[in-house]
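Engineer: what would the 3D arrangement of this be:
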Amino acid sequence: MAAAMVIGATIGILVASFIGKMLYAVWWWPKMMEKKLQEEGIHGHPYKLLFGNLKEMMKMSREAKKQPLLNHHILPCVNPFLLHLSNTYEKTFVLWAGLTPRVTVTDPKLIREVVNRYNEFEKPKSNAFIDMFVTRLASYNGEI
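Structural biologist: Down below sits the predicted model:
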């Protein structure tokens, strides 16, 4: 009887610990990061549970694909959500890719500073297969 109570208490503690860690990872930490970014002056659409801004991004992409391409300005067709954020929040903004905040910088002076201080700013990880074919500023590490 006592052994069953000890096992039950242990299982209860493990389940509570797991639930606490999950709540921290999927809600508390992203909300804390959102608050810290806003204090630094980096704004964007608010974090939404698990998916971040991905649902809004997909909705805008579907709507953009319905529109005909009338000129060579393709950003509204390729990534309308990024264009919307850029127009709304100016030069620096945050985009939530699931649980991960992605800070986007569009000011050329800030881009140069971020690229030149590659030891201090972590770049997003990308697929090794894509890296074989595409080189881009977002993954570049070193002085320009």
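Engineer: pretty sure H43 contacts E90?
Structural biologist: No: applying C-beta atoms under 8 Å as the test, H43 and E90 come out as separate, 9.1 Å apart. Glycine gets a C-beta too; all of them are placed from N, C-alpha and C.
Engineer: neighbour count winner among those two?
Structural biologist: H43 (16 against 11; other C-beta atoms under 10 Å).
Engineer: measure the more buried one to P80 for me?
Structural biologist: H43 is 19 Å from P80, where distance means C-beta to C-beta, to the nearest Å.
Engineer: same check, this time on P30
Structural biologist: Applying C-beta to C-beta to P30 and P80 gives a distance of 24 Å.
Engineer: more neighbours: which of these two?
Structural biologist: The neighbour comparison of P30 against P80 (other C-beta under 10 Å) goes to P30, with 22 against 19.
Engineer: measure that one to T100 for me?
Structural biologist: According to C-beta to C-beta, P30 and T100 sit 9 Å apart.
Engineer: between those two, what contacts are shared?
Structural biologist: Counting by C-beta atoms under 8 Å, 6 or more residues apart in numbering, the contacts common to P30 and T100 are G52.
Engineer: for the longest helix anywhere in the chain, name the packing helices and strands.
Structural biologist: Across the chain, the longest stretch assigned as helix under DSSP state H is helix 2-23. Under the contact criterion of 3 or more C-beta pairs under 8 Å, 6 or more residues apart in numbering; DSSP states H and E, helix 2-23 touches no helix or strand at all.
Engineer: following element in sequence after that helix, please.
Structural biologist: Sequence-wise, the next helix or strand downstream of helix 2-23 (DSSP states H and E) is helix 29-39.
Engineer: and the angle for that following helix with helix 2-23?
Structural biologist: With axes from the mean of the first three to the mean of the last three C-alpha atoms, to 10 degrees defining the directions, helix 29-39 sits at 30 degrees from helix 2-23.
Engineer: and helix 29-39, average pLDDT?
Structural biologist: For helix 29-39, mean pLDDT rounds to 93.
Engineer: could you dump it to PDB, C-alpha only?
Structural biologist: C-alpha atoms of helix 29-39 as PDB (Å, rounded to 0.1, in the frame of the first residue of the first chain):
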ATOM      1  CA  TRP A  29       9.000  31.800 -22.600                       C
ATOM      2  CA  PRO A  30       7.600  33.200 -25.900                       C
ATOM      3  CA  LYS A  31       5.500  35.800 -24.100                       C
ATOM      4  CA  MET A  32       8.500  36.800 -22.000                       C
ATOM      5  CA  MET A  33      10.600  37.200 -25.200                       C
ATOM      6  CA  GLU A  34       7.800  39.200 -26.800                       C
ATOM      7  CA  LYS A  35       7.800  41.600 -23.800                       C
ATOM      8  CA  LYS A  36      11.600  42.000 -23.900                       C
ATOM      9  CA  LEU A  37      11.600  42.700 -27.600                       C
ATOM     10  CA  GLN A  38       8.900  45.300 -27.200                       C
ATOM     11  CA  GLU A  39      10.900  46.900 -24.400                       C
END
